[in-house]
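Enquirer: Could you look at this predicted model? Sequence included:
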Amino acid sequence: MFGLGLRHPHHEYVLKNNPSVDFFEVHTENFIASGGASLDFLSKICKEYKVSFHCVGLSIGSYAGVDKKHLKDVKKLLDKFNPFLFSDHLSWSGSREIGHSNDLLPLPLTKEAFSVFKRNVDEIQQFCGRQILIENPSAYLEFENKELGEVEFLNKLVDETKCGLLLDVNNIFVGAKNFDFDAEKYIDEINFDAVSEIHLAGHSVYKFKDKEIRIDTHSTNICDEVFDLYRYFLRQSGANLPTMVEWDEDIPEFEDLFAELQKVKEVADGAF
Amino acid sequence: MELSKLQEKFIGAIYDKTNIDVLGEIKSRGIPKEELIGVYRNNLTHNLVNSLKLTFENVFMYLKEDRFLELATEFVFKNPSKSNNLDDYGDSFGEFLLNTEGEFIAGVAKIDWLRQKSYLAKNDSEFDLESLQKVGPQELFDLKFVLSGSVFLLESDYNLLGARRQSSKMKRKGYFLVVRSKISGIFEVETLRIEPQEYQFLKGIIAELTLYEIYEKYEVDIQSILQKFLSNGVIVSFK
């Protein structure tokens, strides 16, 4: 299955043209409303397509816990539309008490952070009555007190909570460049059985004097190295998973996004 | 450092670049730690300013891009987001603008905020005209009507739907109604200037007064006003 992230500029186009896409992924937070146009649109899309819900605001790594009102809002949407996949990130974004960044912030990979994250994943899965997939994040800094590797953290989380994983291949590549680790080794260590979805996206490179930093901007085409890594994952895992392209900034015409998805399909077809 | 402290300090550093407590917790990697925090600060500014730009589209139109971005950025760093949902951000932007841009722009911001609330409001069921027609003329005055959840009212000393230049020179009291309609399956939020009598009538309904009580209190032309607000979806039921 091959899908696309569905963003506002393409809503009308998709309703009018019914493009041949296996599924669409939406940001759940964009549809938290009591009524009106956004919910109306989602109802129409869910009638025509399989839809996955990708959250960006559960702030699962927050020490303060998951915001109960937000979780209730998300559950209401899950119950109403019954998406085939439901996910959020290995990150945190803040809380009512200390303020929100409305962004995906890096989590210190410590035993304490693991306990907090596990507690919050347990609460989400229990409250929503379904499995959540946790996405490996893009990060731009690391903390000094690291006690677990990212893959170790994710695999342990799968073992202890029965959550699934959403593998973002671009994020692995961005992390490998920013923190100088081996991206293929990262993939080798992942619990393949737990991976239920793949994300692919473009990123940007920023220079700081003689150094550079890669930022997960979702504003460009998928680069060749990310396609290589995707091919590597497919060969190593032998998995045929729902795979989608995310594009959130400088969003192109739908036809261009669709063309990017065709490239993904060709890479997947040629991988084996 | 404990996770609770680290997260508090991290958010603190994003919202205030002079707050450097968290830098000691960040691994060095050849790029100044301030710059690394700066990546998250840029994301935050981008996300929240963009959210304000979408919500306050009329303020944006009046102030033009440069001034809007300057003020929105200042607002973001003085008013941290308190919700996971960006739709909740900006309720005090109008008050903030009152200090820098004056009453007219602050009023426009209030209208923009109400338009956003109206856009997200619960859908209404269709008005049961048949049941209303069965109510006798005497009982009609004992009825209490209910407004659409997408209805919001605003009173201002300015004509907020007029041109800023003229309005700021000449105050002109205005009463405004924000309401969402659905025509041919398309939702649309409208801002309408209404008469003072109509405003009083709607206030009376919000206060859960019967038609008779509204008539007694405000002496308004009940029949024509009721007709108008029944036909444009402002009134959605009665009890």
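Expert: Sure, I can see it. Numbers count the residues shown, from 1 in each chain, chains lettered A, B, ... in the order given.

Enquirer: for chain B, where's the lowest mean pLDDT among helices and strands?
Expert: Ranking every helix and strand in chain B by mean pLDDT, DSSP states H and E puts helix B:164-169 at the bottom, with a mean of 55.

Enquirer: Run through the stretch 101-250 of chain A and note the low-pLDDT ranges.
Expert: For the stretch 101-250 of chain A, applying pLDDT under 70 flags no range at all.

Enquirer: Name all residues that make contact with the residue nearest the centre of chain B.
Expert: Taking C-alpha atoms, centre = their mean as the criterion, B:Trp113 is the residue nearest the geometric centre of chain B, at 1.8 Å. Going by C-beta atoms under 8 Å, 6 or more residues apart in numbering or on different chains, B:Trp113 touches B:Thr55, B:Phe56, B:Gly90, B:Asp91, B:Phe93, B:Gly94. The C-beta positions use only the backbone N, C-alpha and C, and glycine is treated the same way.

Enquirer: Let's see which of these end up in helices.
Expert: Using DSSP state H, the members of the contacts of B:Trp113 that fall in helices are B:Thr55, B:Phe93, B:Gly94.

Enquirer: Pretty sure the last one sits against B:Ala109.
Expert: Which is B:Gly94. Yes: using C-beta atoms under 8 Å as the test, B:Gly94 is close enough to B:Ala109 to be in contact (3.6 Å).

Enquirer: Can you show me the strands along the chain?
Expert: In the absence of a named chain, chain A is used. Secondary structure of chain A by DSSP state E: the strands cover A:2-5, A:23-27, A:50-54, A:85-89, A:92-95, A:99-105, A:133-135, A:164-168, A:195-201, A:204-208, A:211-215, A:243-246.

Enquirer: think we crossed wires, I meant chain B
Expert: Going by DSSP E, chain B shows strands at B:145-147, B:152-156, B:174-183, B:186-194, B:235-238.

Enquirer: In the sheet, which strands lie alongside the third one, parallel or antiparallel?
Expert: As defined by DSSP bridges, the strand partners of strand B:174-183 come to strand B:152-156 (antiparallel), strand B:186-194 (antiparallel).

Enquirer: what is the mean pLDDT for the shortest one?
Expert: Translated: strand B:152-156. Across strand B:152-156, the average pLDDT comes to 96.

Enquirer: and it, which residues are buried?
Expert: Going by neighbour count (16 or more other C-beta atoms under 10 Å in any protein chain shown), the buried part of strand B:152-156 is B:Phe152, B:Leu153, B:Leu154, B:Ser156.

Enquirer: and what of the longest one?
Expert: Under the neighbour-count criterion of 16+ other C-beta under 10 Å, strand B:186-194 has B:Phe187, B:Val189, B:Thr191, B:Ile194 buried.

Enquirer: For these, give me TSV that also has pLDDT.
Expert: Written out in TSV, the entries for these read as follows (pLDDT from 0 to 100):
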residue	pLDDT
B:Phe187	93
B:Val189	95
B:Thr191	95
B:Ile194	95
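
Enquirer: coming back round to it: when B:Gly94 and B:Ala109 are compared, which one has more neighbours?
Expert: B:Ala109 (26 against 21; other C-beta atoms under 10 Å in any protein chain shown).

Enquirer: Wait, that one touches B:Phe60, no?
Expert: No: between B:Ala109 and B:Phe60 there is no contact under C-beta under 8 Å: 10.2 Å.

Enquirer: quick check, stretch A:177-192 touching chain B?
Expert: Yes: using C-beta under 8 Å from any C-beta of the partner chain, stretch A:177-192 comes into contact with chain B via A:Asn178, A:Phe179.

Enquirer: picking up where we left off before, in the buried residues of strand B:152-156, find the pair that's most separated.
Expert: B:Phe152 and B:Ser156 (12.9 Å; C-beta to C-beta).

Enquirer: and which of the ones in helices among the contacts of B:Trp113 is nearest chain A?
Expert: Compare each of the ones in helices among the contacts of B:Trp113 with chain A using C-beta to the nearest C-beta and the shortest gap goes to B:Thr55, at 13.4 Å.

Enquirer: quick revisit: how about TSV for the buried residues of strand B:152-156, with distance to A:Val267 added?
Expert: Formatted as TSV, these follow (distance: C-beta to C-beta, whole Å):
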residue	distance to A:Val267
B:Phe152	51
B:Leu153	56
B:Leu154	54
B:Ser156	58
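
Enquirer: Excluding residues flanking it in the chain, which one is nearest B:Leu44?
Expert: Counting by C-beta to C-beta, 6 or more residues apart in numbering or on different chains, B:Leu44 lies nearest to A:Ser101, which is 5.0 Å off, once chain neighbours are set aside.

Enquirer: Show the contacting residues for the one you found.
Expert: Shown here is A:Ser101, whose contacts under the criterion C-beta under 8 Å, 6+ apart are A:Ser93, A:Gly94, B:Ile11, B:Ile14, B:Tyr40, B:Asn43, B:Leu44, B:Ser81.

Enquirer: Near chain B, which residues of the stretch 101-250 of chain A are found?
Expert: Taking C-beta under 8 Å from any C-beta as the criterion, the contact residues of the stretch 101-250 of chain A with chain B come out as A:101-103, A:105, A:108, A:110, A:112-113, A:116, A:140-146, A:178-179, A:208, A:211, A:213, A:215.

Enquirer: Which among these count as buried?
Expert: When those are checked for burial by 16+ other C-beta under 10 Å, the buried set is A:101-103, A:105, A:108, A:110, A:112-113, A:116, A:140-143, A:145, A:178, A:213, A:215.
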